[in-house]
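**Student:** Structure for the following, please:
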Amino acid sequence: MEQQGLDRDEWLEKLELIDQNLQRQGGTARLTLIGSAAGILAGQPGRTSIDLDVWKPKSHYQLKALKRAVEEAGLLFDPKFTLEPDTPYLQLVEPGLVQTGNFGKTEVLERFNALRLERPPIANLVAAKLVRAEPKDLEDIAFLLATFQPSRTDIERAIKTMPPKPRKQAAENLVYLDTMGGAQPDH
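**Tutor:** Below is the predicted model:
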């Protein structure tokens, strides 16, 4: 049986609780979300996830305050070994199996009081999903292409900044863009 994740409204409720918990502690957090979060928070129909992936290299937070705020919101914080199958969690992700390619500026997803959510450029999110290109990734890519219309050149540029193995995988999977109607040609 597939895990049932949270949808947009359920994640926003949890994020509001995290924000309130951070405020109570006098803490703040700026989290760069990767993975399914961009689609979920942009209203991708039917998309849910049991986790929110936080790109650690571009996020800023006080570890103890964030951990406490997340746990007080009823989520697991950065589980490494044991998962409770029905408990949503916030995962800290570092470069390794997951690659986003290099990017400078992040873009704001949502602003709360003490919590700010950002994401990499859409081209980098598409590039990251092309590395694995599993069915859910392809659904996410189709939604991101249709909603945000990144240019193919920007996606290719993001892929070129990845380490050799994921760069090769993502480049080979660019063919999926053609079958989806492709990314926007450059203007």
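**Student:** which residue ranges form the strands in this protein?
**Tutor:** Remark: strands assigned in the chain by DSSP state E are 29-34, 51-55, 60-61, 76-77, 89-93, 107-111, 115-119.
**Student:** What average pLDDT does the first one get?
**Tutor:** For strand 29-34, mean pLDDT is 97.
**Student:** Skip the chain neighbours and tell me the closest residue to Glu94.
**Tutor:** Excluding its sequence neighbours, the residue lying closest to Glu94 (C-beta to C-beta, 6 or more residues apart in numbering) is Lys56, at 4.9 Å. All C-beta spots, glycine's among them, are computed from the backbone N, C-alpha and C.
**Student:** give the contact list for that neighbour.
**Tutor:** 92-94 (C-beta atoms under 8 Å, 6 or more residues apart in numbering).
**Student:** which among those gets closest to Asp178?
**Tutor:** Among the contacts of Lys56, Val93 lies closest to Asp178 (C-beta to C-beta), at 28.7 Å.
**Student:** Tell me the spacing between the closest one and Pro45.
**Tutor:** Distance of Val93 to Pro45, given as C-beta to C-beta, to the nearest Å: 25 Å.
**Student:** cool, and Lys56?
**Tutor:** Distance from Lys56 to Pro45, by C-beta to C-beta: 29 Å.
**Student:** Now do the contacts for the closest residue to Gln25 other than its chain neighbours.
**Tutor:** Ranked by C-beta to C-beta, 6+ apart and with sequence neighbours excluded, the top spatial neighbour of Gln25 is Ala65, at 4.9 Å. Neighbouring residues of Ala65 by C-beta under 8 Å, 6+ apart: 22, 25, 27, 29.
**Student:** Over to Gly5?
**Tutor:** 48-51, 88.
**Student:** Take those residues and write them to CSV, including pLDDT, neighbour count and distance to Gln149.
**Tutor:** CSV is the format used below for the contacts of Gly5 (pLDDT from 0 to 100; neighbours: other C-beta atoms under 10 Å; distance: C-beta to C-beta, whole Å):
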residue, pLDDT, neighbour count, distance to Gln149
Thr48, 94, 17, 24
Ser49, 94, 18, 23
Ile50, 93, 18, 29
Asp51, 93, 22, 27
Pro88, 93, 22, 30
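**Student:** Let's have the residues you listed in CSV, adding distance to Arg167.
**Tutor:** CSV is the format used below for the contacts of Gly5 (distance: C-beta to C-beta, whole Å):
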residue, distance to Arg167
Thr48, 30
Ser49, 26
Ile50, 29
Asp51, 25
Pro88, 32
